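S.K.: here is a sequence together with a model predicted from it:
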Amino acid sequence: MTLLEVKGLRVEFSGREEPVRAVNGVDLEIERGEIVGLVGESGSGKTVTSLSILGLIRQPGRITAGSILLDGTDLRTLGPEQLRAIRGARVSYVPQSPRGALNPLLRIGKQMENILVSHGEGGRQATAELRRRTVEMIEAVGISDPQRALRAYPHELSGGMAQRAVIANAMILRPDLVIADEPTTGLDVTVQAQILDLFSERVREQGAGALLVTHDLGIVANYCTRIAVMYAGRIVETGPARAVFQRPRHPYTVGLLRSVPVLGQPLFSMPGQAPDLRALPSGCAFAARCANVLPECAAVPPPWREVAREAHRFLCHLEDGAPL
Amino acid sequence: MTTTATAAAQPPDLLSRLGGLWSSGWAGLVLRRLLLLPLTLLLVVTLTFVVTRLLGGNPAVRLAGAQPTLEAIHNIELQLGLNKSIGAQYLDYLSGLVHGDLGKSYFTHQAVVSEILNRAPGTIELVVLGALLAALLGIGFGMAAARRVRRPLDQITQGFSILGFSTPDFFLGAVLAYFLFFKLGWFPPPAGQLPFSFAPPEPTTHFLLIDTALNGQWDAFGAHWQQLALPVLTLGLIYFAPMFKITRASLLEILRSDFLLYAEACGLKRSIERRYAFRHAMSLVVTYVGIIVAALIGGAVLVEQVYSWGGLGTYGVSAIQNNDFPAVQGFVVAVGTISVVVYFLVDILYMVIDPRVRLG
């Protein structure tokens, strides 16, 4: 059975003005053992999509439609306590800035123990057992002096160490699905590579599935088996990472790939800006910026098109996608 | 820092050990704060000395009676040492202070130290209990309101806190005394700390709550609690307002914070999550409790007046009105000392709550 199956997800943020459709009908599938890269500009709905899967959309946001099936169970039908029991244990989360996410007042070890205790591990007589597991996990994320790291407060850790700590938090209960939201922003490139190596190794070793939210196409190319490209709250292209990189179809994906700097060539930047999510056109949201726009694009919603035999799909009026 | 450097160069002796202590987070911070204490107090004393002298008004004139002769005034000045230069007076005062002598009141001829020892404890009891009540109410309702933004409970408590902000404490004191004592008779008359029918206990600590208990005078103990009830309630209700506001605001911020979102994403138990939020809110709340206690030690005068408390604030006001220099200075030194100690305790608590502060 598919590990995660998101169907027709819509998330709206209602304020005093028109509601903002942050996520506007997203379909997403993740199998065990694969790392799916979710790519897009800021504001495209990547983070909102990943928080929806965790059931963590806060007021004034609201999931208005769709289903989120984890091994066939719709998470939207579960009560708050059932959801809580799943979070951290079966579906875990690696945050964007670990030092802002970890509790500044508690030692790293205590925070890990709290996660274990919250999911029914340990109990009063088994403190030693809890300790042993945290030490083991901290070692597994490549921290050489686990005792010291567990005794440290978050502000005493470097960015890379803190990132390792939250990965340890995410992995300690051997989750089925890990959602990582830009887990390496703000890290040095070398540390970034170490962390991502570690992350993908942990995920594979545990046979979990992962959603890696990023705006860095280089990361997707190196670590992801599949890619999903988001634009204005929708997924506009998805497929095996190799296929998409070899022959991107959606004009937006083409633009994104061309925006990756190449040594010796002038940097390409996509014209225009992300659309206002309060007033989306009835047709394709990308039409206004598209270099290959057709007369029907602005008014008629684009259809899904499949690239033969490759599980590679894109949302566009152009039959074969944008020319390269 | 320099202390550490010089200490490190010497063989391990007391000095270098002190140096080590100095630079090691926790103890060092406490040590440095302790050393700052007398310095702060010296500054307070000096300032008061200068200000009382600048205020003008000659206490000798007041003491000399209705139609004083110049000679009489001069004699009194000689007696009180007011004829000396300001510098000499200041040095006299400082040397007295070092020996625990704050001088004698010009009017009562009592040692200022003993007058203050008699009056401060009553005020401390009142203010600490009032601030604790305010904190309990404020934290409780603040936390409840933050979880129910713009729902009835939140709006009603917000209304009460606006009332608290806009009502003068002595007015609420008078209103409570009028209704709860005069009209309903639920509480004893606002006539001081202990009704006249009770013999005051042996003054061991000067705190009536402690001294009555030490002597086993339980009926006096109970009577003192009854006397405390209304003024404590007054302060509690008034200072509930800022405590409520600060708790509600900081908890709201915490509930929206990244780290609580992450706590939720880790599926932490509600009880653990609540503990996280509470501890964060506390670091700000503790500071405010400290500020309120420190401000009220000398500043609860009007409430003290309404309840004939005879506390420190009352003493300070009459000392100023009388140009009673030693008494004014004694009052300021007492208030200053208590405030500095309170802030010191707040800092310690702050360090207990938040490890980031321990870095110094």
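M.R.: Received, thanks.

S.K.: residue A:320 versus the residue nearest the centre of chain A, what's the distance?
M.R.: Centroid-nearest residue in chain A, with Cα atoms, centre = their mean: residue A:213, separated by 3.1 Å. Residue A:213 is 29 Å from residue A:320, where distance means Cβ to Cβ, to the nearest Å. The C-beta positions use only the backbone N, C-alpha and C, and glycine is treated the same way.

S.K.: go on, residue B:203?
M.R.: Distance from residue B:203 to residue A:320, by Cβ to Cβ: 98 Å.

S.K.: for chain A, what are the nearby residues on chain B?
M.R.: Residues of chain B lying close to chain A by Cβ under 8 Å from any Cβ of the partner chain are B:256, B:258-259, B:261-270, B:272, B:276, B:279-280, B:353-356.

S.K.: if any of these are buried, put those into a PyMOL selection.
M.R.: Buried residues among these (16 or more other Cβ atoms under 10 Å in any protein chain shown), as a PyMOL selection:
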select buried, chain B and resi 259+261+262+263+264+265+266+267+268+269+272+276+280+353+354+355
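
S.K.: tell me which entries of the residues of chain B next to chain A lie within helices.
M.R.: Among the residues of chain B next to chain A, DSSP state H puts B:258-259, B:261-265, B:270, B:272, B:276, B:279-280, B:353 in helices.

S.K.: turn those into a markdown table, including pLDDT.
M.R.: As requested, those are exported to a markdown table (pLDDT from 0 to 100):
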| residue | pLDDT |
| --- | --- |
| B:258 | 89 |
| B:259 | 89 |
| B:261 | 93 |
| B:262 | 95 |
| B:263 | 95 |
| B:264 | 94 |
| B:265 | 95 |
| B:270 | 90 |
| B:272 | 93 |
| B:276 | 91 |
| B:279 | 90 |
| B:280 | 89 |
| B:353 | 88 |
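
S.K.: how about those residues, which pair is most distant?
M.R.: B:265 and B:353 (24.1 Å; Cβ to Cβ).

S.K.: follow-up on the earlier one: if I've got this straight, the residue nearest to the centre of chain A is in a strand?
M.R.: Yes - assigned with DSSP: H, G, I helix; E, B strand; the rest coil, residue A:213 falls within a strand.

S.K.: you'd agree it is up against residue A:178?
M.R.: No - using Cβ atoms under 8 Å, residue A:213 is not in contact with residue A:178; the gap is 11.2 Å.

S.K.: distance check, residue A:321 against residue A:250.
M.R.: Distance, residue A:321 to residue A:250, by Cβ to Cβ: 6 Å.

S.K.: cool, residue A:127 as well?
M.R.: Distance of residue A:127 to residue A:250, given as Cβ to Cβ: 53 Å.

S.K.: and for residue A:243?
M.R.: Look at residue A:243 and residue A:250: by Cβ to Cβ, they are 13 Å apart.

S.K.: among those two, which residue is more densely surrounded?
M.R.: In terms of neighbours (other Cβ atoms under 10 Å in any protein chain shown), residue A:250 is the more surrounded of residue A:243 and residue A:250; the figures are 27 against 17.

S.K.: pop out the phi and psi values for the more buried one.
M.R.: Dihedral angles of residue A:250 (phi, psi; degrees, to the nearest 10) stand at phi -70, psi 140.

S.K.: what's across from residue A:239 in the sheet?
M.R.: Per DSSP bridges, the residues bridged to residue A:239 are residue A:227.

S.K.: any idea how far it lies from residue A:305?
M.R.: In terms of Cβ to Cβ, residue A:239 sits 11 Å off from residue A:305.

S.K.: secondary structure class for residue A:59?
M.R.: Recorded secondary structure, residue A:59: coil (three-state DSSP).

S.K.: buried ones in stretch A:240-256, by neighbour count?
M.R.: Buried residues in stretch A:240-256, counted by 16+ other Cβ under 10 Å: A:240-241, A:243-244, A:247-256.

S.K.: between those, which is nearest chain B?
M.R.: residue A:241 (26.0 Å; Cβ to the nearest Cβ).

S.K.: quick one: name the residues of chain A near chain B.
M.R.: Neighbours of chain B within chain A, by Cβ under 8 Å from any Cβ: A:54, A:56, A:58, A:84-89, A:92-93, A:95, A:97, A:100-106, A:114-115, A:117-119, A:153, A:155, A:166, A:169.
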